[in-house]
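*Asks:* okay, predicted coordinates and the sequence, questions at the end:
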Amino acid sequence: MDQCASILLAFPSQSDLADNAAYHKAVTAHIQRLSKLLKERSQDLVVHSAPLLDALDPAVHSLSYLAVLHALIFPSPASSVPQVYIMEKVVTCMLNFDGVQCRYAGTILTDILESVGNGRLLPPSVAVEALAAAILRLDPSGSMLTSSHLLLIKLAYETDNIAQALPVIDKDIVFYPGMANHDNVQFLCNPELSPPSYISKGTGLTDLLKTPALLEYDLLRGMMYSARREWPKAQAAFERVVAFPTKDGGCSKITVEAFKKWVLVSLLSEGRHVEDLPYAYAHTIKTLKTLGRPYISIAIAFATDDVQTLKQEVEQNTQMWLEDGNMGLVQEVVAAYQKWRILSLRDIYTQLSIAEIRRQTKSAETGAALNTDEDVEALIQNMIVSGMLKGVIEKNDDGTKFLNFFSPTTHLSEEEFAEETQRAVLRLKELNKMIHATNQRLGTSKEYVRWAVRESRRDKSNVEGHADTTLEMIDDEDLMGSNG
């Protein structure tokens, strides 16, 4: 045991932390010693796991801690050690490991993440929280999609542990495995590196992800946000799938599924269907509209006062909604119809009596006006409380109640303005890092340079002879670059 402990506790020392070069040299040597230890003395690590793990701090001796855990879990959880003990130590490690040190962990870490993500080690709620924490410890920006993200989102959605995954899925994805011009890295420990420089198939921290996996991630994100009724976020997630570039403008089964949900969620988010996406292939959108015609019909009716047409469109396609797994969203659309018709009145009136609102709007659930003014008032109050409607219900001297719509340009309070400004500043700082990394990648990308040259020639041609300026699209394989 003493020999194992001396190896496990050998890194890091104070001299190892002097600079990037010293750290890189020391951690590389330590990984080699750990690999040899796992290969030759794995059973010793299992037998003495309790005192060894007690001697190690997962935040300081992260690689060594992972090595002992790896010996306990693979090829199967050690029967001689209580399962609860293993679970406790795995969670402790996932929540506390040093993200920089674990850039060198490779499959020692990803094997454990996979076991957690597959639901083999921990209860689902604990597994989702631990996996989400581990992903963000490795990449605090959360800006790179990895194979661990796929494990997380599937487990969270299938086990209905969505809230625990939100810290990860709320992040904007900018980088993907296999992107070009990120593989020439001298020191993985360099704190200035962008995530794809140290999270790659080469470092063993992610697998490459094919297009269906990328689409599935955003599809599941949209479905998770829909389950939470976070309609704008759901709309944005489904829209990423719909607008994902393809070679020939074709569309996959996942794209069709996302399009149908996107149409419905757009109604819940904006009260209307966005006809065109300027950054999506026109041919793809045309095909999707054909395949999703009943959904488009609902969207068209939703934007009018013709409640009977909407009700008819919904009822005559019930079987389709069930087969597509969209009945819940369709019911949400039906329930939201009258709310959005009330909101549309603000384009005409600044105030309107409750009785008049009852007369002008109808429920899509019944196809008729609500029974009483009190029902309408309760509906409006619900809209105000939820933040959907900016306004207030007031009463005249004669007892007549009316809705007073607030101006959409109503000023924020000083405190609200300060909070909004602070959020914007933090967001700009995050974006600046991503823009810098993206500019560096594009500046050294062969595909981008070729494209830039073509565009420069086009601009010159346009000035001289007003030539055609149709943009040539780069193949979808080039979107993530090539390392060859």
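*Replies:* Okay, I see it.
*Asks:* C-alpha only now, for contacts and for neighbours.
*Replies:* Noted.
*Asks:* what's stretch 255-263 in contact with?
*Replies:* 215, 219, 234-235, 238-239, 241-242, 273-274, 288, 291-292, 295-296, 299, 324, 326, 329 (CA atoms under 8 Å, 6 or more residues apart in numbering).
*Asks:* list the contacts for residue 207?
*Replies:* Per CA under 8 Å, 6+ apart, neighbours of residue 207: 146, 147, 177, 200, 201.
*Asks:* that one sits in which helix or strand?
*Replies:* Residue 207 belongs to no helix or strand when elements are defined using DSSP states H and E.
*Asks:* then residue 254?
*Replies:* Going by DSSP H and E, residue 254 is part of helix 253-270.
*Asks:* after that helix, which helix or strand is next?
*Replies:* Immediately after helix 253-270, counting by DSSP H and E, sits helix 282-291.
*Asks:* show me what that next one is packed up against.
*Replies:* helix 253-270 (3 or more CA pairs under 8 Å, 6 or more residues apart in numbering; DSSP states H and E).
*Asks:* now do the strands in this structure.
*Replies:* Taking DSSP state E as the criterion, the chain carries its strands at 351-353, 391-395, 401-405.
*Asks:* for the first one, name the packing helices and strands.
*Replies:* Looking back up the chat, that one is strand 351-353. For strand 351-353, the packing partners by 3+ CA pairs under 8 Å, 6+ apart are strand 401-405.
*Asks:* what's around residue 395, how many residues?
*Replies:* Neighbours of residue 395 under the rule other CA atoms under 10 Å: 11.
*Asks:* now do residue 387
*Replies:* Neighbour tally, residue 387, other CA under 10 Å: 10.
*Asks:* need the pLDDT of it.
*Replies:* Residue 387 carries a pLDDT value of 91.
*Asks:* return the distance of it relative to residue 229.
*Replies:* Counting by CA to CA, to the nearest Å, the gap from residue 387 to residue 229 is 13 Å.
*Asks:* among the contacts of stretch 255-263, name the buried ones.
*Replies:* For the contacts of stretch 255-263, a burial check counting by 16 or more other CA atoms under 10 Å picks out 215, 219, 234-235, 238-239, 241-242, 273, 288, 292, 295-296, 299, 326, 329.
*Asks:* residue 313: which of those residues is nearest?
*Replies:* Closest approach to residue 313 among the buried ones among the contacts of stretch 255-263 (CA to CA): residue 295, at 8.8 Å.
*Asks:* so what's that closest one up against?
*Replies:* Counted by CA under 8 Å, 6+ apart, residue 295 has contacts 260, 263, 264.
*Asks:* out of those, which is most surrounded?
*Replies:* residue 264 (25 neighbours).
*Asks:* for the record, mean pLDDT for stretch 429-437?
*Replies:* 65.
*Asks:* where in the stretch 201-350 of the chain is pLDDT low?
*Replies:* Applying pLDDT under 70 to the stretch 201-350 of the chain picks out residues 249.
*Asks:* one more time with 80, if that's ok
*Replies:* Scanning the stretch 201-350 of the chain for pLDDT under 80 picks out the ranges 246-250, 275-279.
*Asks:* please name the nearest non-neighbouring residue to residue 15.
*Replies:* residue 22 (7.5 Å; CA to CA, 6 or more residues apart in numbering).
*Asks:* all helices for the stretch 101-250 of the chain, in order.
*Replies:* 107-117, 124-138, 147-158, 162-169, 195-198, 211-227, 231-242 (DSSP state H, counting those that start in this stretch).
*Asks:* can you put the ones you listed in JSON lines and add distance to residue 68?
*Replies:* Formatted as JSON lines, those follow (distance: least, CA to CA, whole Å):
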{"stretch": "helix 107-117", "distance to residue 68": "10"}
{"stretch": "helix 124-138", "distance to residue 68": "17"}
{"stretch": "helix 147-158", "distance to residue 68": "21"}
{"stretch": "helix 162-169", "distance to residue 68": "27"}
{"stretch": "helix 195-198", "distance to residue 68": "23"}
{"stretch": "helix 211-227", "distance to residue 68": "32"}
{"stretch": "helix 231-242", "distance to residue 68": "39"}
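*Asks:* residue 354: which of these is closest?
*Replies:* Residue 354 lies closest to helix 231-242 among the helices of the stretch 101-250 of the chain, at 27.3 Å (CA to CA).
*Asks:* angle of the closest one against helix 253-270?
*Replies:* Calculated by axes from the mean of the first three to the mean of the last three CA atoms, to 10 degrees, helix 231-242 forms an angle of 150 degrees with helix 253-270.
*Asks:* how about residues contacting helix 231-242?
*Replies:* Counting by CA under 8 Å, 6+ apart, 215, 218-219, 221-226, 254-256, 258-259, 261-262, 265-266, 268-270, 280, 285 sit against helix 231-242.
*Asks:* are any of those buried, and which?
*Replies:* For the contacts of helix 231-242, buried by 16+ other CA under 10 Å: 215, 218-219, 221-226, 255-256, 258-259, 261-262, 265-266, 268-269, 280, 285.
*Asks:* need the pLDDT of the residue most central in space within the chain.
*Replies:* For the chain, the residue nearest the mean C-alpha position is residue 169 (3.3 Å; CA atoms, centre = their mean). We have a pLDDT of 97 for residue 169.
*Asks:* how about it, what does it touch?
*Replies:* 153, 221.
*Asks:* also residue 129?
*Replies:* With CA under 8 Å, 6+ apart, residue 129 has these contacts: 164, 165.
*Asks:* quick check: the most far-flung residue of the chain relative to its centre vs residue 240, distance?
*Replies:* Centroid-distance maximum for the chain: residue 398 at 52.5 Å, with CA atoms, centre = their mean. For residue 398, the distance to residue 240 equals 53 Å [CA to CA].
*Asks:* repeat for residue 319
*Replies:* 27 Å.
*Asks:* pLDDT score for residue 140?
*Replies:* 96.
*Asks:* what count of nearby residues applies to residue 29?
*Replies:* Around residue 29 there are 12 residues (other CA under 10 Å).
*Asks:* if you could redo that for residue 423, that was the one I meant.
*Replies:* Applying other CA under 10 Å, we find 11 residues neighbouring residue 423.
*Asks:* now swap in residue 209 and tell me
*Replies:* The burial count for residue 209: 16, using other CA under 10 Å.
*Asks:* with residue 112 instead?
*Replies:* Neighbours around residue 112, by other CA under 10 Å: 20.
*Asks:* just to revisit the earlier point, out of the strands of the chain, nearest to residue 112?
*Replies:* Using CA to CA, the strands of the chain put strand 391-395 closest to residue 112, at 52.1 Å.
*Asks:* for the closest one, name the packing helices and strands.
*Replies:* Right, strand 391-395 is packed against helix 373-386, strand 401-405 by 3+ CA pairs under 8 Å, 6+ apart.
*Asks:* got a markdown table for these, with mean neighbour count and distance to residue 28 too?
*Replies:* Below are the helices and strands packed on strand 391-395 laid out as a markdown table (neighbours: other CA atoms under 10 Å; distance: least, CA to CA, whole Å):
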| stretch | mean neighbour count | distance to residue 28 |
| --- | --- | --- |
| helix 373-386 | 16 | 54 |
| strand 401-405 | 19 | 65 |
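*Asks:* follow-up on the earlier one: for residue 342, which of the helices of the stretch 101-250 of the chain is the nearest?
*Replies:* Per CA to CA, nearest to residue 342 of these: helix 231-242, 18.6 Å.
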